[in-house]
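J.: Sequence and predicted model, in that order:
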Amino acid sequence: MEHLSWPDGRQRCFWANPKNERYVRYHDEEWGRPVHDDGKLFELLLLECFQAGLSWECVLNKREGFRRAFAGFNLERVGAFTEEDVERLMRDTAIIRHRRKIEVAVGNARVFRDIQRECGSFDCYLWQWTEGKVVHECGPTTSPLSDALAKDLKKRGMKFVGSTTIYSYLQAVGVIESHEPGCFLSGSCLSGGGA
């Protein structure tokens, strides 16, 4: 994939939009870095589920709106949302107003909390799939790992967690490191660390 010429001289993944500073910061500072904080893992899962059928850039541009609308991505509060909250969110122009996705976010928060209770943390649940190791691959949009994880999450009751969505999520939280060869971050996120 051909790389753009960047003013700072650094090469980045082809999808990073140089005209969107928020997107560039996301690429440089977040995407592909191993995340071990359950709050951040929940936030990114919620956002990935809203991305289904849309671009990540669209979701990212509304991230602060989502943060306000979904109680700072507070798991307990989102899991306790009622039908009144769903109606409130349907009127909120700062987010993607899709009733099914809003309802799914609430239901998925409850399943996320159940997984925490069972495994001690969502972090423990997620990273056990790779025995705590980062997987390095670039190009696919699904894999046997995302297939298996999506299947398990669906069995537990999560929705909007198909293999493609879960693969994208795994890339976002650094379980899969997919910075392209030539990107200044390619292979740089080898250690755990958190984001």
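T.: Looks like it arrived, so ask away. Numbers count the residues shown, from 1 in each chain.
J.: Remind me which helix or strand the nearest residue to residue 176 once chain neighbours are set aside belongs to.
T.: Using C-beta to C-beta, 6 or more residues apart in numbering and skipping residues adjacent in sequence, the residue nearest residue 176 is residue 170, 4.4 Å away. From N, CA and C alone the C-beta is placed, and that goes for glycine too. Residue 170 belongs to helix 163-172 when elements are defined using DSSP states H and E.
J.: so after that helix, what's the next helix or strand?
T.: By DSSP H and E, the next helix or strand past helix 163-172 is strand 176-177.
J.: Packing partners of that following strand?
T.: On a contact count with 3 or more C-beta pairs under 8 Å, 6 or more residues apart in numbering; DSSP states H and E, strand 176-177 meets strand 135-136, helix 163-172.
J.: which ones are touching the spatially most central residue of the chain?
T.: For the chain, the residue nearest the mean C-alpha position is residue 44 (3.2 Å; C-alpha atoms, centre = their mean). Listed by C-beta atoms under 8 Å, 6 or more residues apart in numbering, the contact partners of residue 44 are 35, 169, 172, 173.
J.: can we see that at 7 Å?
T.: Contacts for residue 44 (C-beta atoms under 7 Å, 6 or more residues apart in numbering) come out as 169, 172, 173.
J.: Could you do residue 89 as well?
T.: Per C-beta under 7 Å, 6+ apart, neighbours of residue 89: 69, 95, 102.
J.: So which bits of stretch 72-86 are buried?
T.: For stretch 72-86, a neighbour-count test (16 or more other C-beta atoms under 10 Å) marks 73, 75, 78, 79, 81, 85 as buried.
J.: Check the fifth one and give its pLDDT.
T.: Just to be clear, that refers to residue 81. We have a pLDDT of 98 for residue 81.
J.: what helix or strand is it on?
T.: Using DSSP H and E, residue 81 is not contained in any helix or strand.
J.: coming back round to it: which elements pack onto the helix holding residue 170?
T.: Applying 3 or more C-beta pairs under 7 Å, 6 or more residues apart in numbering; DSSP states H and E, one finds that helix 163-172 contacts helix 38-51, helix 144-156.
J.: Where does pLDDT dip in the protein?
T.: Residues of the chain that meet the criterion pLDDT under 70 lie in 1-4, 188-195.
J.: coming back round to it: isn't the residue nearest to residue 176 right next to residue 178, touching?
T.: No - taking contacts as C-beta atoms under 7 Å, residue 170 lies outside contact range of residue 178: 9.0 Å.
J.: can you count the residues close to the closest residue in space to residue 146 that isn't next to it in sequence?
T.: In this structure, residue 146 finds its nearest non-sequential neighbour in residue 167, 3.8 Å apart by C-beta to C-beta, 6+ apart. Residue neighbour count, defined by other C-beta atoms under 10 Å, stands at 24 for residue 167.
J.: Show the contacting residues for residue 168.
T.: Taking C-beta under 7 Å, 6+ apart as the test, what residue 168 contacts is residue 48.
J.: quick one: stretch 158-176 to chain centroid distance?
T.: 7 Å (C-alpha atoms, centre = their mean, to the nearest Å).
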